[in-house]
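Asks: Below is the sequence, then the predicted model.
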Amino acid sequence: MNASMTGSDAAVAGERSRAASPTAAPRRNLRAAGAVVFWLALVTLPLWLTHVGGYTALGTKILVYGIAALALNLLLGFTGGLSFGHAAWFGLGAYGAGMTLKYLAPSTPLAILVGTVVGGIAATVLGPLVMRRRGIYFAMITIAIGQLFYFIAVRWNNVTGGEDGLAGFERAPIHIGPWVYDVQNETKYYYLVLVCFAVAVVIMKLLLASPLGHTWVAIRENRRRLQFLGVRIDLYIWAAFAISGTLTALAGTLNAMLFNFTSPQDLHWILSGNFVIMCVLGGMRKFWGPLIGVAIFVVAQDYLSSVTDNWMTAIGMLFVLIVLLFPKGLLGMLGRRGKEAA
Amino acid sequence: MDEFTRRRALKAGLALGAAPLVAHPILTYGQGESPIKIGMHDPLTGTYAAEGESEVRGAKMALEEVNAKGGILGRKVELIVEDDNANAGLAAQKAHKLIEKDGCSMIMGAVSSATALSVNQVAAQKGVPYMVTGGHTDPVTGKECHWTTFRICTTTYMLAAGLVNTLASKFGKKWYFITPDYAFGHTFQAAYAKILQGMGGTVLGNSLSPLGTTDFSSYLIKAQSTNPSVLILLVDGQDLVNCMKQAVQFGLQKKIPIGGGLSELEVLRALPTDARLGWWTLEWYWSQPGVPHVKEWVEKYKKTYPDGSYPSARTWFGYAGLHALALGAAHAKSIEPAKLAHALEGMELPPEVKLQPHKVYFRKEDHQLMAGEFPGEIKHDGKYPDLFKVAEVVPGDKTALPASETGCKLDYPA
């Protein structure tokens, strides 16, 4: 392979040669088999998770954070915009859902819808503030936007519950005609979240396969070249920002209903930073990388914090080690190995 | 390869025979019964780690006592402690873990109010009794109360009421406030003002100081000019240290009694000497001459944790919390959640658990423990642990809002 090629050029070249090569069919079969195993594992998760030391709410949390991290990665890994403010959309989704259940109507689908729309609109409206910025300026403005919502939640006591957080709502059973799906049950809620996760994944996969997705990758790889070609890159970044924010808000609504509670900590920049860490851990150049990062982060946090008070040091060291040894993240590393072998 | 030799068999036999001699003779747990697990969430990392550690220490002392007396209903009790990092989301996750994975039949804990509220939601949804040890915000036993939740520490309202009563009767009813300019400060000040005006007092003025204020001189001069009988500082953290320092430079504390809100032994210990000043309220204090069991308990604490520390209100919360759960189960003769909850309602804590002079009991209507307030004065040049002089102990039913006004409606399942 030509050493001077950039990552995606190489990937595109690889994709082409693979399509032409006779090994393409078995490889595709392998992929299909992998996908089947992956989704089967998720569908059967409530059955086996308890036997390996987990609990249903932990699985649900991984999926919820997974949606958020995958959505952030549309912007971070595929378009190349480092956002340190994604907790804003996550938290807006959470408060949107919580307040809908508390003040409007006890309807789970309505809560998901309202929260997602509120977060999505906010991301869309504020997108133009960041779409022309690059690098560190992009990151700084996203932090500022995130903290803006954090302080609104902390100060607007009467409505948001202030620092104590928003309580006093619970997810309501879903009525479909004569059918009742009682999501108050832990396992049933997991499956609702799994459905949302699958929908989000399909949307993201379709987008990345479309011309829009290809343009995002091109912006990441060579912004100037695209500008010279006359592409309105700010509009594409805006689209990435808005879509990524909307899907993150969807994750936020599910998170609020997971514990029937939300607090300003769901809007804080530390959570935004954690989302970025999850993407980097798993590998932000791979679609599934962030999900691996989420799984490692959430499981490590859950397990280590029960074992030692110094769990944050341990997670920090894990992060440093992974960044040093696997600069492309865990999945990125695996992927490259595979390609080299082939 | 090890072989099972005659000598080893003899040794094993000897050890088996000697075991009952060494083991505690009172331990008579039901044979083959699984232990009862109590889950505890508290911040062991982050800003509130010291307070969390104190609560865990107290709970462990109670655990030992309960097990020495044969556990709960003859079953051994296990305490599983989880770190919540004072993060509401993590606390809720840990509550799920404690209930679903570890199979805890009761949970307890909390320092930060947000964690108390989030675990309150989880416990109610799961129908598991939850003993809130810290976390003062009113809604826990007010608007957001649930049949599963009980609270040891007092409410924000009780804290304010305890101090207002004492200061107003001691010094007079014309007060001036310096309040941090954010939502919690406003709420706190409003509660003080309401209680004071309810007693026929007047608010002479209220200065709002932005967070991070370093120069409080204009507020202090303004306060002094109104000639109040009490000056209340509701500012917090570094702002409080700055404000106190300047008040001392003005010699204000010699002319006007200065008061604050809630303080804790852990906080007093960490304060610089300059800021150790004024009238505050604690929720328990280690020195209560003449009150039965307190001295023995403090001695026991020092023997259990020989690191030179003294038990604080937080230690007592953890201690009383675990004992209350055990006592409730003993009264109910069951750990079935609804029976346990009904047994706890109105239950009075015995002297060796309450460790304070007045009657302490769980109010039936809102599950709030009617525990005392300990308003008093910080000793300006005191040395740890002798940092506070309790003026009086105000019983809980004198400080608490009447149950009808808390907004609590218990939601027992039909």
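Replies: Good, I have the coordinates.
Asks: ok, residue 297 - how many residues close by?
Replies: Answering for chain A, as no chain was given. 23 (other CB atoms under 10 Å in any protein chain shown). For every residue, glycine as well, the C-beta is placed using N, CA and C.
Asks: Chain B, not that one
Replies: Neighbours of residue B:297 (other CB under 10 Å): 20.
Asks: From what I see, it and residue B:311 are in contact.
Replies: Yes: between residue B:297 and residue B:311 there is a contact at 7.3 Å, judged by CB atoms under 8 Å.
Asks: Does the residue nearest to residue B:59 when sequence neighbours are not counted belong to a helix, a strand or coil?
Replies: Nearest residue to residue B:59 in three dimensions, chain neighbours excluded: residue B:318, at 3.8 Å (CB to CB, 6 or more residues apart in numbering or on different chains). Reduced to three states with DSSP: H, G, I helix; E, B strand; the rest coil, the structure at residue B:318 is helix.
Asks: Run through the residues that contact residue B:318.
Replies: B:40, B:54, B:55, B:56, B:57, B:58, B:59, B:60, B:61, B:62, B:108, B:133 (CB atoms under 8 Å, 6 or more residues apart in numbering or on different chains).
Asks: same thing but at 7 Å, please
Replies: B:55, B:56, B:57, B:58, B:59, B:133 (CB atoms under 7 Å, 6 or more residues apart in numbering or on different chains).
Asks: Please report how far it lies from residue B:117.
Replies: According to CB to CB, to the nearest Å, residue B:318 and residue B:117 sit 19 Å apart.
Asks: how about the contacts of residue B:318, which pair is most distant?
Replies: B:57 and B:133 (11.7 Å; CB to CB).
Asks: So the two - more neighbours on which side?
Replies: Neighbour tally, residue B:57 and residue B:133, criterion other CB under 10 Å: the higher count belongs to residue B:133, 31 against 19.
Asks: Can you find the helix or strand of chain A with the lowest average pLDDT?
Replies: helix A:7-20 (a mean of 47; mean pLDDT, DSSP states H and E).
Asks: just how off-centre is stretch B:338-345 within its chain?
Replies: What separates the centre of stretch B:338-345 from the centre of its chain is 21 Å, taken as CA atoms, centre = their mean, to the nearest Å.
Asks: Run through the residues of the stretch 1-150 of chain A sitting next to chain B.
Replies: Taking CB under 7 Å from any CB of the partner chain as the criterion, the stretch 1-150 of chain A approaches chain B at residues A:55, A:56, A:57, A:61.
Asks: Helices - which of those residues land there?
Replies: A:56, A:57, A:61 (DSSP state H).
Asks: Arrange those residues in JSON lines, one row each, with neighbour count as further columns.
Replies: Shown next, in JSON lines, are these (neighbours: other CB atoms under 10 Å in any protein chain shown):
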{"residue": "A:56", "neighbour count": "20"}
{"residue": "A:57", "neighbour count": "25"}
{"residue": "A:61", "neighbour count": "25"}
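Asks: And residue A:165, how close does it get to chain B?
Replies: 4 Å (CB to the nearest CB, to the nearest Å).
Asks: Residue A:301 too?
Replies: 8 Å.
Asks: and residue B:267, how many neighbours?
Replies: 18.
Asks: so who does the residue of the stretch 201-350 of chain B found nearest chain A touch?
Replies: Across the stretch 201-350 of chain B, the shortest distance to chain A (CB to the nearest CB) belongs to residue B:211, at 10.6 Å. When contacts are counted by CB under 7 Å, 6+ apart, residue B:211 touches B:180, B:181, B:182, B:239.
Asks: neighbour-wise, which of those residues leads?
Replies: Ranking these using other CB under 10 Å puts residue B:180 first, with 24 neighbours.
Asks: could the contacts of residue B:318 be laid out in a markdown table, adding secondary structure and pLDDT?
Replies: Output for the contacts of residue B:318, formatted as a markdown table (DSSP: H, G, I helix; E, B strand; the rest coil; pLDDT from 0 to 100):
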| residue | secondary structure | pLDDT |
| --- | --- | --- |
| B:55 | helix | 95 |
| B:56 | helix | 96 |
| B:57 | helix | 95 |
| B:58 | helix | 95 |
| B:59 | helix | 96 |
| B:133 | coil | 95 |
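Asks: of those residues, closest to chain A?
Replies: Of the contacts of residue B:318, the one sitting nearest to chain A (CB to the nearest CB) turns out to be residue B:56, at 10.6 Å.
Asks: didn't that closest one look like it was pressed against residue B:82?
Replies: No: contact between residue B:56 and residue B:82 fails when scored by CB atoms under 7 Å: they sit 10.3 Å apart.
Asks: got the CA positions of stretch B:245-263 in CSV?
Replies: C-alpha atoms of stretch B:245-263 as CSV (Å, rounded to 0.1, in the frame of the first residue of the first chain):
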residue,chain,number,x,y,z
LYS,B,245,-11.8,37.0,57.3
GLN,B,246,-13.0,40.4,56.5
ALA,B,247,-15.7,40.4,59.2
VAL,B,248,-12.9,39.6,61.7
GLN,B,249,-10.7,42.4,60.3
PHE,B,250,-13.7,44.8,60.9
GLY,B,251,-14.0,43.4,64.4
LEU,B,252,-17.7,42.7,63.5
GLN,B,253,-18.0,39.5,65.4
LYS,B,254,-17.5,41.4,68.6
LYS,B,255,-20.4,43.7,68.0
ILE,B,256,-22.9,41.5,66.2
PRO,B,257,-23.5,37.8,66.5
ILE,B,258,-22.7,36.2,63.1
GLY,B,259,-24.6,33.1,62.1
GLY,B,260,-24.7,30.7,59.2
GLY,B,261,-26.5,27.5,58.3
LEU,B,262,-25.6,23.9,58.5
SER,B,263,-22.0,23.0,59.5
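Asks: Go through it and flag the buried ones.
Replies: Neighbour counts over stretch B:245-263 (16 or more other CB atoms under 10 Å in any protein chain shown) mark B:246, B:247, B:248, B:252, B:256, B:257, B:258, B:259, B:260, B:261, B:262, B:263 as buried.
Asks: Check stretch B:118-133 too.
Replies: So for stretch B:118-133, counting by 16+ other CB under 10 Å, buried means B:118-126, B:128-133.
Asks: Out of the buried residues of stretch B:245-263, list just those in strands.
Replies: B:258, B:259, B:260, B:261, B:262 (DSSP state E).
Asks: near chain A too, which of these?
Replies: Okay, of these, nothing touches chain A (CB under 7 Å from any CB).
Asks: mind putting those residues in JSON lines, pLDDT included?
Replies: Below are those laid out as JSON lines (pLDDT from 0 to 100):
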{"residue": "B:258", "pLDDT": "90"}
{"residue": "B:259", "pLDDT": "87"}
{"residue": "B:260", "pLDDT": "84"}
{"residue": "B:261", "pLDDT": "80"}
{"residue": "B:262", "pLDDT": "81"}
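Asks: Return the member of those residues nearest to residue A:191.
Replies: The closest of these, once distances to residue A:191 are taken by CB to CB, is residue B:262, at 44.6 Å.
Asks: How many residues are close by the closest residue in space to that closest one that isn't next to it in sequence?
Replies: Nearest residue to residue B:262, sequence neighbours excluded (CB to CB, 6+ apart): residue B:159, at 4.9 Å. By the criterion of other CB under 10 Å, residue B:159 has 25 neighbours.
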